[in-house]
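Chemist: can't give you the sequence, but here's the structure:
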């Protein structure tokens, strides 16, 4: 279901956007208009005849004129939601009837107006679906224009019509060798072609007096008068009707439908059965595509506001944070010099654990290192013990998971400050010292460090490097200032032991125990801050599959943590403050906005294919520029080289899409009550040691005592499939 639903949603969304593009004439639209041509092939009696041409039979085509003192008002290009109702109101006011030549695109979008036309006694004719000049089109395209318009009429009003008016048509004497074959072919399909004998030229909006003068026949002659109820502002047309109808009625003119004026049977016939239901289904699909597109556009506006609000907050508040902590003489409190217990939960980390432990042994702050071996099967614990490093202990336990391993480590810790890290992470010599300095403030209960991607030489590693620096560390500065840090990274975080005891230690309720414990500390009244100089080098996933597994768990676990702590929204005190500030921000910026963000790329793709291409590209480049500014500022704050930002545009095109799908799957898992298994990622030991320049990091080879396991533990050290609580509770 997690794979099927996103695919179905994608197909449905694509189908709706294509449908919308088609009915809005953004797809296969053809706005060419052929210039006049020779008239040698057009029969003379047609050129000199009336505006109604009947070429349905096998014999010679005939033309008809409107009897004297009868006017057939015709309105093209509708129905329009603004102007057609006003035109209908004027006709109804003076008991006049007309013929509306509708396009299939407008009829399918506004079916209620077509129903009103029919109900009030007007005739409806076909004006093609997309309004192309048919003299440029093939017979198959002509057939499609006719049949799809009839489908729209069937769905809108349950009728079909035999009246047809070609787009861009004029008088009978304007027929030429290019459009006359179209008239004959249309006749062979069972249609009567209706041209006009008087053009009001209302489409030029020349003013009401000019429209009245143009539309008035001479000497009591009958006429087919061309007007428009769509295609632009038709206020002059509506105003002209208010004077035109009563004035000509006083002169003895009758305003009738075409067949009534000619004394012929109605051109409209009802449809039923499969044809009717196909039409209804088509009109419903068009309406749904318009509604969905409207919602998507609204969501796009929402995500645009959220994205730019987040960027603005990050830039402003990260500047405030950097200015605060980098100010001369800034201190959290008295220097923290007391020893620290460093907990290293490890499950099958033989490729990484030696570098991890050695980096801790070189710390310039007094530490004890407790490696909790969570039932490893690759000799992880043996490797640590073989190092025989002072102050390093190994605690073995049966496989129970990271949270259980850390809680076990807390019970074995000898000091009041506890640092937690991952078994694939390498600390610099100053990391522990920098990480614990904020505990000089007795209100601080936990500290988030600065996690860095060590294996950033690959493209996917560079993308994650950008994400860590911009998306995580810049965020942490913002949340620090707001006092609602959502997550202490598992790779580098420190806790006051009394704070951990007060909240009951780490919980196994969610798949994101780091987010869970951080939220619990906020609710208990502790400050959680960010130490930018406490750098830790971690190994990021090196394949799409591994990255997918990791982010899937992160996204789902974050949703679980938000749901678990939802009562903070209505509680008082520190819990309520976090619930009404922190939880909404986390939900908006980490769950809702990323879920809606794909709309940016959906409309980018839509604009590139269906237009306007230039404006679409400029808009996307503008968004990319804002992201580039934020990324460059984040890199400057972290003192990182800017060269990795070269891959930022490609990251937005490829990497971000993967994150969208991961988040969507997490949502589906949550909403369907699915259960997500712990994921293990393969590690290579690529982060070799502290202080190594990221560009120089390479996997170590032939390390003494190194055991290569077939599978290595992920940085989250998740348990094997034998773990009893492997399937945690669903979000809701």
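Modeler: Good, I have the coordinates. Treat the numbers as computed from the prediction; the structure is a model and nothing was measured. Numbers count the residues shown, from 1 in each chain.
Chemist: going forward, measure contacts between C-alpha atoms and count neighbours the same way
Modeler: Will do.
Chemist: what sits against the closest residue to residue 306 other than its chain neighbours?
Modeler: Distances taken as Cα to Cα, 6 or more residues apart in numbering put residue 593 closest to residue 306, at 6.5 Å, once the chain neighbours are dropped. With contact set as Cα atoms under 8 Å, 6 or more residues apart in numbering, residue 593 has these partners: 303, 306-307.
Chemist: most surrounded residue in those?
Modeler: Counting neighbours by other Cα atoms under 10 Å, residue 303 comes out on top of the contacts of residue 593 with 23 neighbours.
Chemist: quick one: contacts for that one?
Modeler: Residue 303 makes contact with 593, 596-597 under the criterion Cα under 8 Å, 6+ apart.
Chemist: With secondary structure, distance to residue 61 and pLDDT added, can I get these in CSV?
Modeler: What follows is the contacts of residue 303, written out as CSV (DSSP: H, G, I helix; E, B strand; the rest coil; distance: Cα to Cα, whole Å; pLDDT from 0 to 100):
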residue, secondary structure, distance to residue 61, pLDDT
593, helix, 63, 74
596, helix, 58, 73
597, coil, 59, 70
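Chemist: where do the strands sit along the stretch 151-300 of the chain?
Modeler: Assigned by DSSP state E, counting those that start in this stretch, the strands in the stretch 151-300 of the chain fall at 159-161, 163-164, 192-194, 198-199, 223-228, 254-255, 268-270.
Chemist: Pull up the pairing partners for the fourth one, direction included.
Modeler: Applying DSSP bridges, strand 198-199 is found paired with strand 223-228 (parallel).
Chemist: average pLDDT across the partner strand?
Modeler: Summarised as a single mean, pLDDT over strand 223-228 is 97.
Chemist: which one of the contacts of residue 303 sits closest to residue 384?
Modeler: For the contacts of residue 303, the residue nearest residue 384 by Cα to Cα is residue 593; the value is 43.3 Å.
Chemist: one step back: can I get the contacts of residue 593 in CSV with pLDDT, secondary structure and distance to residue 20?
Modeler: CSV is the format used below for these (pLDDT from 0 to 100; DSSP: H, G, I helix; E, B strand; the rest coil; distance: Cα to Cα, whole Å):
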residue, pLDDT, secondary structure, distance to residue 20
303, 77, helix, 21
306, 80, helix, 26
307, 79, helix, 26
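Chemist: Same list (the residues you listed) but as TSV, adding distance to residue 476.
Modeler: Converted to TSV, the contacts of residue 593 look like this (distance: Cα to Cα, whole Å):
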residue	distance to residue 476
303	21
306	17
307	16
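Chemist: ok, of the residues you listed, which one's closest to residue 101?
Modeler: residue 303 (40.6 Å).
Chemist: low-confidence ranges in this protein?
Modeler: Residues of the chain meeting the criterion pLDDT under 70: 1-3, 6, 611, 671-732.
Chemist: Can you give the strand pairings for the longest strand along it, parallel or anti for each?
Modeler: In the chain, taking DSSP state E as the definition, the longest strand is strand 527-538. Here strand 527-538 is paired, per DSSP bridges, with strand 426-427 (antiparallel), strand 444-453 (parallel).
Chemist: List the contacts of the very next helix or strand once past the first one.
Modeler: It stands for strand 426-427. The element immediately downstream of strand 426-427 (helix or strand, assigned by DSSP states H and E) is helix 431-436. If you take Cα under 8 Å, 6+ apart as the criterion, helix 431-436 is touched by 336-337, 363-365, 417, 419, 447-449, 493-494, 531, 533-536.
Chemist: Give me the buried subset of these.
Modeler: Using 16 or more other Cα atoms under 10 Å as the burial test, those include 336, 363, 365, 417, 419, 447-449, 493-494, 531, 533-536 as buried.
Chemist: and the residues you listed, which two are the farthest apart?
Modeler: Farthest-apart pair in the buried ones among the contacts of helix 431-436 is 336 and 536; separation 19.5 Å (Cα to Cα).
Chemist: For residue 660, see how far away the residue nearest to residue 306 is.
Modeler: 10 Å (Cα to Cα, to the nearest Å).
Chemist: Repeat that for residue 427.
Modeler: Counting by Cα to Cα - residue 427 and residue 660 are separated by 31 Å.
Chemist: what about the two, which has more around it?
Modeler: Set residue 427 next to residue 660 and count neighbours by other Cα under 10 Å: residue 427 wins out with 28 against 16.
Chemist: now that one, nearest residue through space, not along the chain?
Modeler: Using Cα to Cα, 6+ apart, the closest residue to residue 427 is residue 536 (4.7 Å).
Chemist: List the contacts of the one you found.
Modeler: 425-428, 431, 449-452, 491-492.
Chemist: and it, bridged to which residues?
Modeler: residue 427, residue 451.
Chemist: Ramachandran coordinates for the residue nearest the centre of the chain?
Modeler: A centroid search over the chain (Cα atoms, centre = their mean) returns residue 599, at 2.1 Å, as the residue closest to the centre. As for residue 599, its main-chain torsions (degrees, to the nearest 10) stand at phi -60, psi -30.
Chemist: ok, it touching residue 300?
Modeler: Yes: applying Cα atoms under 8 Å, one finds residue 599 in contact with residue 300, separated by 6.0 Å.
Chemist: Let me know the outermost residue of this protein.
Modeler: Most peripheral residue of the chain (Cα atoms, centre = their mean): residue 219, 62.5 Å.
Chemist: which residue sits closest to residue 525 in space, ignoring its chain neighbours?
Modeler: residue 574 is the one closest to residue 525 (Cα to Cα, 6+ apart), at 4.9 Å.
Chemist: Compute the number of surrounding residues for that neighbour.
Modeler: 16.
Chemist: mind listing what it touches?
Modeler: 522-525.
Chemist: Ok, residue 641 next?
Modeler: Per Cα under 8 Å, 6+ apart, neighbours of residue 641: residue 635.
Chemist: How far does stretch 244-257 sit from its chain's centre?
Modeler: 54 Å (Cα atoms, centre = their mean, to the nearest Å).
Chemist: nope, stretch 289-303 is what I meant
Modeler: 9 Å.
Chemist: Helices along the stretch 451-600 of the chain, start to end?
Modeler: Applying DSSP state H, counting those that start in this stretch to the stretch 451-600 of the chain gives helices spanning 459-466, 474-482, 497-502, 513-523, 544-564, 573-577, 583-586, 593-596, 598-610.
Chemist: mind checking which of these is nearest residue 375?
Modeler: helix 513-523 (19.4 Å).
Chemist: ok, and what's touching that closest one?
Modeler: With contacts defined as Cα under 8 Å, 6+ apart, helix 513-523 is touched by 403, 445-446, 484-490, 499-500, 503, 505-507, 510, 527-528, 557-558, 561, 565, 568, 574-576, 578-579.
Chemist: Can you select the buried ones among those residues for me in ChimeraX?
Modeler: Restricted to buried positions by 16+ other Cα under 10 Å, the ChimeraX selection for those reads:
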select :403,445,446,484,485,486,487,488,489,490,499,500,505,506,507,510,527,528,557,558,561,565,568,574,575,576,578,579
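Chemist: so residue 371 is in which element?
Modeler: Assigned by DSSP H and E, residue 371 falls in strand 367-374.
Chemist: Toward the C-terminus, what is the element adjacent to that strand?
Modeler: helix 380-387.
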